[in-house]
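Student: have a look at this prediction, sequence included:
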Amino acid sequence: MTFEELKAFLDEKSELYNNPDFIESDPIQIPHGFSLKEDVEISAFLAATIAWGNRKSVIANAKKMMDLTGNSPYDFVMSHSEENLDKFEGFVHRTFNAEDLKTFVRALRHIYTNHGGMEAVFAKNANDLQKGISDFKKVFFEIPHQGRTQKHISDPLNGSAAKRIHMMLRWLARKDNKGVDLGIWKSISPAVLSCPLDVHSGNIARKLGLLTRTQNDARALAELDSKLREFDATDPSKYDFALFGLGAFEKF
């Protein structure tokens, strides 16, 4: 395909999948269940953190996490006692377990109490989200924690594509006017967002000639970013809908 044909194809597929029907089968439904800004961003972060593996299992376990916080995640984060965290015992999603969830709740309280909240931390690197994610991880783990828990937040500066955090950032910073992405963070421009790079989007990107690197890592993400920005420099992450939809739904 020519540049114009490929752009038209991707624009068409983005339009097709960027609609409210997408929410029913996607973890983005979790933050859609809240209206308070802090509830939206905390639920988005927790849902995105476990967004690997079977999507139905991801959604079910994300809902379970919300239930464990009384469906008021911000209030729970800010007012919980250590005894309250005992109710997490037995929770597990793949390698993310009860101890990890306890640490995440403690770390979130630290973020909101001492750093002005999640958006404020990311806003310090609003034009360089790779550094922003890395710095967020540092701030997040300033509290005492088990070393194993660190693996649940990826660091782009260590070579990771950080798919789950980039997905959360798309949810929170991209306003699509289609009722899917929430766009509640005004301090981060959609123009600096990256397309979350996973097995589906990576494979489709390679089939379409958008990506030559074989690994789904930070360097591959940079390569994909540069191509997608040629198609739309103001809203490159919208193509996540096209790449994911072509892979997950159309088996392209």
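Tutor: The structure has been received and is ready for your questions.
Student: touching stretch 89-105 from outside, list them.
Tutor: By Cβ atoms under 8 Å, 6 or more residues apart in numbering, the residues outside stretch 89-105 that reach it are 46, 49-50, 52-53, 57-58, 61, 64-65, 68-69, 76-77, 80, 85, 88, 143, 145-146, 148-149, 151-152. C-beta: built from backbone N, CA, C; applies to glycine.
Student: again with stretch 50-60
Tutor: Applying Cβ under 8 Å, 6+ apart, the contact partners of stretch 50-60 are 25-27, 29-30, 47, 61-62, 65, 93-94, 96, 164, 167.
Student: also stretch 177-184?
Tutor: By Cβ under 8 Å, 6+ apart, the list of residues contacting stretch 177-184 from outside reads 18-20, 22-23, 28, 31-32, 37, 40-41, 44, 170-176, 190, 241.
Student: among those residues, which ones are in helices?
Tutor: Counting by DSSP state H, these place K37, V40, E41, A44, R170, W171, L172, A173, F241 in helices.
Student: mind pulling up the pLDDT for the closest residue to the first one other than its chain neighbours?
Tutor: Looking back up the chat, that one is K37. Closest residue to K37 apart from its sequence neighbours, by Cβ to Cβ, 6 or more residues apart in numbering: I184 at 5.7 Å. Residue-level confidence at I184 comes out at 97, pLDDT.
Student: A strand includes I184, no?
Tutor: No. Assessed by DSSP: H, G, I helix; E, B strand; the rest coil, I184 does not belong to a strand; its assignment is coil.
Student: sorry, back to before: can you flag the buried ones in the contacts of stretch 89-105?
Tutor: Neighbour-count burial (16 or more other Cβ atoms under 10 Å) applied to the contacts of stretch 89-105 gives 46, 49-50, 52, 58, 61, 65, 68-69, 76-77, 80, 85, 88, 145, 149, 152.
Student: before we move on, the earlier item: how far away is the residue nearest to K37 from M118?
Tutor: Going from I184 to M118 by Cβ to Cβ, to the nearest Å gives 11 Å.
Student: of these two, which one has the most company?
Tutor: Using other Cβ atoms under 10 Å as the criterion, I184 and M118 rank with M118 on top: 23 against 17.
Student: so that one sits against F45, correct?
Tutor: Yes. Under the criterion of Cβ atoms under 8 Å, M118 makes contact with F45 at 6.7 Å.
Student: quickly list what's touching both of these two.
Tutor: L108.
Student: contacts only, for K227.
Tutor: Counting by Cβ under 8 Å, 6+ apart, K227 has contacts A205, L210, L211.
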